[in-house]
Structures are given as structure tokens and as C-alpha cells.
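J.: Using only what follows, build the 3D model:
(2 chains)
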Amino acid sequence: MTEQGAKPTIRRRRALSGVWLIPIFALLVGAWFVYWDWQNRGFGVTVQFENAEGLVASKTKLRYRNIDVGEIEQVALSEDLQRVVVHLRVQHTIKDLVREDAQFWVVRPRISSGGVSGLGTLLSGAYITLAAGDSSLDERMNFIGLEEPPVTPASMPGKRVQLLSEEGDSLRVGQAVHYNGFKVGQIERVSFDTELGQLRAQAFINAPYHEMLTVGTRFWRTGGFGLETGKGGLELRTGSLESMLFGGVSFALPEGVYPGKLVEDNQSFQVFPDRNSIEINPYQHALYYLMLYPGTVRGLQVGAAVEFRGTRVGNVEQVSFGLLTEKQLASVSNAAFPVPILIRIEPARLMGFDTEEQLEVSRLGLADAVQQGLRATVRQGNLITGDHYVSLEPLAKSGEGEVHALGTYTVFPSAVSGLAKLTDSATAAFDKIERLPMEKTVEQLNASLITLQRTLWRTDQVMAGLGTDAPMYQEMQQTMKRLRGTLQNIDQLTRTLKNRPSELLFSSQPKADPIPRKDP
Amino acid sequence: MKYVVLVMVVMQLLTACATTKEQPRVNFYQLPSLSGTQAEGSVSLPPQRLSVVRVGTTEVLAQTGIVTASRDGRVITANYHHWSELPEFALQRSLNSCLRTQKVRRSGKISLDVDAFHSDGSGASQFAGVWYFASGTASTDQQYRFSYRQSLSRDGYTALVGALSKSIQQLCEDIGLQLR
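T.: Residues are numbered from 1 along each chain as shown, chains lettered A, B, ... in the order given. This next block holds a predicted model:
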């Protein structure tokens, strides 16, 4: 028989044993370790270089301001095998610096025109450094590394301009940019623009000097020294010692040039060979026209002025039949055999704005003026030297001609002015005078002058002989005085005869003279 | 008869002209040199800084007879006592030779207007007038009045000439002082 005993007490056991606290704690600690590792491990950045000279994985550091902020994890070739991809592990602390415009480059010993750098890496080995980007920009994890250290940090305030030079060896990276002899920037990059066939240099102008860059600004090369001869004798031009030794560029606003508006980033400027070139030709934008002048161009030199109502608007670039091909010459030649003259018109000389927009406005304005009768003619500027210049004048009737193209040139209609014809006649007259036997005439004139000079000298001698100090005058004076004495004696005789007429025949004994007596 | 009268008149005239009555002798006087002691031979002279270029006289002095002008205004010209040349020439030469001996700083020309160069009839000589100096650079001439009275040392014209010569020497020295 089953004893129904006490009813068992069924207790519900706890779902989780306390022993589980141990692994949970271990898990949490593990998780914290993972987080801590992740936090200290940083984030990955890849930078591509042309080669990996001096870069070693797990050894080469990433430094910012000479503080280690990361390390190379891996160095590998790119997929196309043309470059090297460096995987960097970067600390989270500089996350705000690794932005779109950040720049990475390898610091290693370098010797360049800008100086010697990276000597410290001879012992420590190369390392990678970066120029911080703008924190307002987006993050970026893949970069193309610089092969040379950047001359100017990307975040530095200022403005970049493109300088174009026709002389390939004139500009180098690191050369200074001066304003009034003060260094305000430097050249960052130099390359050759194959389209323009010119050297292209990127220069950075530091703030606040970048605000002096306007469309009227002109750049010119500095360096070495220049020796010029002029009316005032020899003139030696030198820049600062730095520019003399290392060269560079300077910029300024030429006198009389309208400054215009401030330039945008990467505005292009032509680099002139020297300061004088700017003074002579301070404008960048110009219109080129070809004149087919039917008159004589004697006395018209390259560089002669092109004037409009007495105001210079440009200059003569070239006077040559070589401007046109044989076919073009044949097409324009007629009984007048016009001479091709290439002129350069700078609208900014009149309008003040040296811009592309102004150039286009001027091009249309000139075309309209030609339709109204404006013509180019050659005039004599100086009667003594015979220098000529080109003058733009209304010499034709409205609607008689227009600007038209001839090959690559734009032809500006030209005409011979009435005054030019008159001048030609005068020149012919002068030529006739020139053919006169002037030498013989001058010789005869000289001989006549010598004779005249002698005659005048003799006349002068004669006149001197009649002066109060002359012996002849003195003699005359003495003679006159003696004559006066004689007349006095005659006067005395006359008085005697008047008183005693018989005195002539019967002289009387004259009275004795009074004897001067001694003072009693 | 008419011829006889004519011959007698001519004879009378010739007789008158041929008189043997002795006439008084005419004496000529010359102003002595005032250039001091002169060495024999030719001696070079320094350039003359002052020179007398003109001497003007009154009408009565413009003849060779030596003049006596008494205080009552009478003027007598000697008939037998003459200067060897006109007084103005003699004065010019004498003053020029004297001025060479004067040490003067200024240079120029001197002219004289002589009012008196005679005996005053009372035992003295009188030499007076005005002299002018022109430097050539000054815009106007300088004028000086002069008057010298010199007592005669003895009677006679020789003493008068000597007294006048002393007066000329005095004028020369005064010019030297004024222009020193």
C-alpha cells in the first residue's frame, strides 16, 4: 500500500543561474576591449604614390606636426600596377583634418632650388605627413599623394593664379612672388601647356595681398640685373638679393591702367620679360588688324603709335609683305600695290577696362565705325626725324567699306589722306633741296663769312682808333687846343692893331711883364 | 714924281722894319718832372692804375703866356714869360708822371677842369679847379674840388713856376690819398 504522504512542494527554479554572471561579465569586458581596440586602431586611409621608396609596413609612421598620428598597415601595388597604394591606419583624433582637400606626401631628404629639407629622415627614415584639409568639407579616405611637398598648405588663405610665360626656363617651383619688392607669395607648380605652347606656373598669393590682384594687374619676371642705356646714360636695374639670386616674378598695376574687378581663383596672367615691357605695352587684351595701305610707308617703324584723334590706342606690330602668302598678295594687289601693316589696338587705352568682354565690345564698335567711314592712314609725326604713325580717321563716306577677313587676319580698310599726299610732295621738294650742291655752297659761304669777319675786325680797329682813348683822338684834341692858343694870340694882335693901328709899322716898346713878388 | 713918293714910302717902311732897337728876351718855362728820382737807362714801369685823360682850362689859361690875376680882378698875360707848351698839356703830363709814384688800390681815369693856374699878384701862386674820377665800373663819377695857394720863395717867374709845381705835387698826393 502506497502511503500518500506529504504533497511535494514544487518550486519554480530561477531561469538563470548566477554562475552565468561570470561569462556575461567576461563578455562585456571582451566587448569593451574590442571597442577600445577599435577606438585606438583608428580608421583606414589609402594614399597612392608613384613609388614606395623608404615606406615600410608597420614601421613608417604618419605624422602631423611631427606627432605620430598613424602608421602604414600595408604597401601594395595598384590594380593597374602603375602606382603604389599605401594603406594607412590613422587615429580618430585627426579625423577632422582628413578632408577632401587634405594633401599627403612622403618626407625624405631633398635638395632643390628652394633649399635643403628632410635631413632629419636620414636617421629616422622616411615618413608620411599631411597638410590638413578644410574641416567644413566632406570626409575622404582615398587620396593621390604628392610627389613633392606642397609649397603652400591647402588651407592657407590667399589666391592662386596661373602665370603663362613664353620662356620655358624662366619660372621654377619655390620662386618668390614680389609686390613692390616685398615677398607676398610663391610659385607652387610649373608645367608646360601644350595647347598654348607656353610655360604655365601656378602661383599662390598670400592673404591679404591677394586682394591687390585685379584684372589690370601685370606680372613680370625679376632676377639678375639689367643694364640699359638711355637719354640719362647707363641705368642699372636690380631687385632684392633673393630675386637676384633665385629669380621670381613681381606684379603691379601699371601707371594709367584701370584696376578693374578682383580676379577669381586660377585667373591666368601673361608674364612679361621685364618691367619696361609692361610700361611700353601695359595691356593684355588687344585687337589685331591688317592694313593694306596703298601709300608709302617710308618712316613707319615697328612700334610706331596707332592714334585716334591724337590719342594713342595701340602700336604698329609689323610692316612686311611677308605677312601674307603669295596667293593672298596676288588677291589684294592692284595698281596701288598696298603694303601690309599689322597693327595692334588696345581698347583699354580708351575705355579703361582690359577685359575680354571689353575687347568684344570694342571689336563690334570698330566694325561699326569702319562702316561709318573710319579708315586707317599713315601720317608724318615728326618733320625733323621723318617718323610716321598710323592714324584712325573718318576718311570715307558711310557704307563704303567694312572690316573683312583675309586668311587669319582681319583687314581694317585704309586710305591715303590728303595731308599725306601733301607730305609726299613736301618730301619730294626736300629731296630736291637735298640734291642741291649744299657742300659747295656752304664752303663758299664759309669763305665769305671769313672775309666778312676780317672786314669787321678791321672796321672795329678803325672805330677803336676814333675812340676817346685812341691816339688819333688825342692828337686831334691837342691840335685843336694849339689852334685855340694861336687864335688867342691873333685875337691879342687884333686888339693891339685896333687900339694902335700904327703898331704894325711903328712898334712901341711893350710894357714889361709884372714880376711876381715874394710874399712880404 | 709919283714914282719918287712911292720909293720913299717903301724906303721908310724898310727902315722901320730894319730897326736895330733891341727887343726884350722871351723866357720859356717848363714844369719840372714829378716822378721822383729816376735811374739812368730804361726801367720797366708797372701798369698805370690812374691816368689823367683830360685837362680843361679857362679861356685865359688856354695860351702859353704866364698869367697874373690880381685880387681886384685884373688879368695880365705876360709877353716875355711863356710856358714852353700849353698849360693843359703840361699839367696832364706832370700829373701822369706823378701819379705813377702813388700807391693806389683803385684804378680808373681822371680828368680836370682848372679854374686858376697863375700868380695872384700878391706874392703867391694859385692852383684851383675840380677833378673827376671814373672807375669804369661805377655808374657815376666822383668829383673833388681842389685849391692850393703857395707862397713864392723869392721874386720872379722861376719862383712862380716852382710854387705852381709844388701845388701840382700836392694835388697828385691828394688824389693818391682819396683813391687809396
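
J.: List the contacts of whichever residue of chain B sits closest to chain A.
T.: Using CB to the nearest CB, the closest approach of chain B to chain A is made by B:Gly123 at 3.0 Å. Just so you know, the C-beta spots here come from the backbone N, C-alpha and C atoms, and that holds for glycine as well. Applying CB atoms under 8 Å, 6 or more residues apart in numbering or on different chains, we find B:Gly123 in contact with A:516-520, B:151-152.

J.: Now with 10 Å, please.
T.: Taking CB atoms under 10 Å, 6 or more residues apart in numbering or on different chains as the criterion, B:Gly123 is in contact with A:516-520, B:151-152, B:155, B:159, B:163.

J.: Could you list which of those residues belong to helices?
T.: B:159, B:163 (DSSP state H).

J.: which of the contacts of B:Gly123 has the most neighbours?
T.: A:Pro516 (28 neighbours; other CB atoms under 10 Å in any protein chain shown).

J.: Settle this for me: that residue is touching B:Leu160, isn't it.
T.: Yes - taking contacts as CB atoms under 10 Å, A:Pro516 lies within contact range of B:Leu160: 4.4 Å.

J.: Now do the shared contacts for the two.
T.: Shared contacts of A:Pro516 and B:Leu160, counting by CB under 10 Å, 6+ apart, come down to B:66, B:68, B:78, B:81, B:118-120, B:124-125, B:152, B:154.

J.: Buried ones only from those residues, please, as a PyMOL command.
T.: The buried subset of the shared contacts of A:Pro516 and B:Leu160, as determined by 16 or more other CB atoms under 10 Å in any protein chain shown, is captured in PyMOL by this line:
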select buried, chain B and resi 66+68+78+81+118+119+120+124+125+152
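
J.: Would you mind giving the shared contacts of A:Pro516 and B:Leu160 as CSV with secondary structure, distance to A:Thr93 and pLDDT added?
T.: CSV is the format used below for the shared contacts of A:Pro516 and B:Leu160 (DSSP: H, G, I helix; E, B strand; the rest coil; distance: CB to CB, whole Å; pLDDT from 0 to 100):
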residue, secondary structure, distance to A:Thr93, pLDDT
B:Ile66, strand, 139, 93
B:Thr68, strand, 141, 93
B:Ala78, strand, 144, 90
B:His81, strand, 143, 92
B:His118, strand, 136, 94
B:Ser119, strand, 139, 93
B:Asp120, coil, 137, 90
B:Ala124, strand, 136, 93
B:Ser125, strand, 134, 94
B:Leu152, coil, 139, 92
B:Arg154, coil, 142, 91
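
J.: Pick out the lowest-pLDDT one from the contacts of B:Gly123.
T.: Within the set of those, pLDDT is lowest for A:Pro520 (67).

J.: In the stretch 251-400 of chain A, which residue sits closest to chain B?
T.: A:Ile384 (45.3 Å).

J.: Please report the distance of that residue from A:Thr217.
T.: Using CB to CB, to the nearest Å, A:Ile384 is found at 39 Å from A:Thr217.

J.: Now A:Thr311: phi and psi?
T.: Per-residue torsions, A:Thr311: phi -100, psi 130 (degrees, to the nearest 10).

J.: how about a markdown table for the shared contacts of A:Pro516 and B:Leu160, with distance to B:Val5 added?
T.: Shown next, in a markdown table, are these (distance: CB to CB, whole Å):
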| residue | distance to B:Val5 |
| --- | --- |
| B:Ile66 | 45 |
| B:Thr68 | 46 |
| B:Ala78 | 42 |
| B:His81 | 43 |
| B:His118 | 50 |
| B:Ser119 | 50 |
| B:Asp120 | 54 |
| B:Ala124 | 57 |
| B:Ser125 | 55 |
| B:Leu152 | 56 |
| B:Arg154 | 56 |
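
J.: contacting residues around stretch A:453-465?
T.: Residues external to stretch A:453-465 that are found in contact with it (CB under 10 Å, 6+ apart): A:470-473.

J.: Average pLDDT for that stretch, rounded please.
T.: On average, stretch A:453-465 scores 81.

J.: number of nearby residues for residue 135?
T.: Picked chain A for this. Applying other CB under 10 Å, we find 12 residues neighbouring A:Ser135.

J.: Wait, chain B was what I had in mind.
T.: For B:Ser135, the count of nearby residues is 13 (other CB under 10 Å).

J.: what does A:Val47 give?
T.: By the other CB under 10 Å criterion, the neighbourhood of A:Val47 contains 25 residues.

J.: Just the element for it, please.
T.: Per DSSP states H and E: A:Val47 is located in strand A:43-49.

J.: Going along the chain, name the strands of chain B.
T.: Applying DSSP state E to chain B gives strands spanning B:27-29, B:50-57, B:65-69, B:75-83, B:108-119, B:124-134, B:142-151.

J.: Now find how far off-centre the fifth one is within its chain.
T.: If I follow you right, that is strand B:108-119. Centroid separation for strand B:108-119 versus its chain: 9 Å, with CA atoms, centre = their mean, to the nearest Å.

J.: With the fourth one instead?
T.: The chain centre lies 12 Å from the centre of strand B:75-83; the measure is CA atoms, centre = their mean.
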